[in-house]
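Asks: Fold the following for me, if possible:
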Amino acid sequence: MSAALFNRNPDLKRLWDEGYKVRVEGGTLVMLDVPYVNAKREVKMGKIISPLCLAGDVTQKPEPHTVHFEGEFPCNAQGRPLQSIAVGGQVPPDLHAVGPHHFSTKPDASGYSDYHQKMTTYANIIAGPAGQIEPEASPRKFWQPMDDEDSIFNYVENASGRAGIEELTARLASDRIAILGVGGTGSYVLDLVAKTPVREIRLIDGDDFLQHNAFRAPGAPTLDQLREVPKKVDHLRAIYSNMHRGITAHAVEFSTATLGLLEGVTFAFLCMDAGQSKRVAVEELEKRGIPFIDVGMGLELTDGKLGGILRTTLSTLNHREFARKKISFEERSGENIYGSNIQVADLNAMNAVFAVFRWKRYRGFYRDMEGELHSSFTTDGNMLLNGGSE
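Replies: This next block holds a predicted model:
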């Protein structure tokens, strides 16, 4: 989306001038980083989405007057739902369920005169209670709009252009990636995938980000951040959303109750411990026809030195049976060196590199001469072995 659309239309430009973080996405007008209060009286961030009526590149009277809101159901400062803007007055039974929620309010029978009036009206209603709890909470961010608002990045990715590989990079752009498990290996997968132009990255993990995670994941959290005990997905999303816009965080354990989190996903990375959650994930990915890569790490301590094997397994629509033979669902018994929170960030990073490298070859970014479905790297002999082929 070119800045020319905003510069041409006074109602859109006024939103920018007043500091609202607004852009056009797929024919809709979106206001991002709108603070709201959830049922626990916590201040969160959501986004308001409105259909955008245009005649060429000129805005028309907003129709309909309703909007959608992505986030938990917004509440007043006391944690009671804003029922007055719910369509039909209907409030969902689970206020913590993430939208989109459908809202309706208008100034009078004639509706809104322009998009500035419409978007600021909803922003004031939703964000007002947040300002009562946190006075600095405001949807007016006074950000710096970019010319290329269609980019998935918050700033221009110009390395591909200098290298002359724009067409190769574009082969990754349509993917919607799910990363199930963002511990040691999964966090490094995110670090690498966030630097590609995939349309979306969904982080799925219900665990807290604790001190041992700081020594397994990329980056360096502060002591104050660790004291807050954030969810892994929230901590990592806050970091990588500085670069990549399409990251969503889902602080839940994957189970039969959360199968919908895979809706629309085109590729997945499984960085989960063996167990029932992993079995459910694999079965659902197979059912939906989604290709995925499963990673694994086995370590042992012998004669006072660590050794082990890193595994990367690709499961595609036509090769499910081979992958199933390589993926373990049985939880480890006995001494579990990795589960003791041993700090092996280098091996986590290497495991992630193997996984992302295989995904990029699968998508045709890198040359793929062998098309292996499985590989194992043995640390003590620096040996990489491939198995199976597409």
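Asks: so how far is the helix or strand where S187 lies from its chain's centroid?
Replies: Using DSSP states H and E, S187 sits in helix 184-193. Here the centre of helix 184-193 is set off from its chain's centre by 12 Å, with CA atoms, centre = their mean, to the nearest Å.
Asks: Which elements pack onto it?
Replies: Counting contacts by 3 or more CB pairs under 8 Å, 6 or more residues apart in numbering; DSSP states H and E, helix 184-193 packs against strand 176-180, strand 200-204, helix 232-240, strand 267-270, helix 345-362. All C-beta spots, glycine's among them, are computed from the backbone N, C-alpha and C.
Asks: what would those look like in a markdown table with distance to A170, mean pLDDT and mean neighbour count?
Replies: Output for these, formatted as a markdown table (distance: least, CB to CB, whole Å; pLDDT from 0 to 100; neighbours: other CB atoms under 10 Å):
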| stretch | distance to A170 | mean pLDDT | mean neighbour count |
| --- | --- | --- | --- |
| strand 176-180 | 15 | 97 | 24 |
| strand 200-204 | 16 | 96 | 23 |
| helix 232-240 | 21 | 94 | 21 |
| strand 267-270 | 16 | 97 | 24 |
| helix 345-362 | 13 | 95 | 20 |
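Asks: mind giving me a markdown table with those and columns for distance to G111?
Replies: Supplementary listing: these in a markdown table, determined by distance: least, CB to CB, whole Å:
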| stretch | distance to G111 |
| --- | --- |
| strand 176-180 | 35 |
| strand 200-204 | 33 |
| helix 232-240 | 36 |
| strand 267-270 | 42 |
| helix 345-362 | 47 |
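Asks: Which one, of those, ends up nearest to S50?
Replies: strand 200-204 (20.6 Å; CB to CB).
Asks: Break this structure down into its structural domains.
Replies: 3-133, 159-387 (automatic domain parsing).
Asks: With distance to K141 as new columns, can the ones you listed be given to me in a markdown table?
Replies: Listed next are the domains of the chain as a markdown table, based on distance: least, CB to CB, whole Å:
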| stretch | distance to K141 |
| --- | --- |
| domain 3-133 | 5 |
| domain 159-387 | 13 |
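Asks: what about G181, distance to R80?
Replies: Distance from G181 to R80, counting by CB to CB, to the nearest Å: 36 Å.
Asks: neighbour-wise, which of the two wins?
Replies: Counted by other CB atoms under 10 Å, G181 and R80 do not tie: G181 has more neighbours, with 26 against 14.
Asks: So the more buried one sits against A274, correct?
Replies: No: here G181 does not reach A274: they are 11.1 Å apart, not a contact under CB atoms under 8 Å.
Asks: so how far is stretch 228-239 off the chain centroid?
Replies: 12 Å.
Asks: Run through who's touching that stretch.
Replies: 182-183, 187, 190, 203-210, 213, 217, 219, 221, 225, 247-251 (CB atoms under 8 Å, 6 or more residues apart in numbering).
Asks: swap in stretch 115-133?
Replies: With CB under 8 Å, 6+ apart as the criterion, stretch 115-133 contacts 9, 11-12, 14-15, 18, 20, 22, 29, 31, 34-37, 41, 43, 46, 48, 50, 52, 59, 62, 65, 67, 69, 74-77, 82, 85, 103, 105, 107, 112, 137-139.
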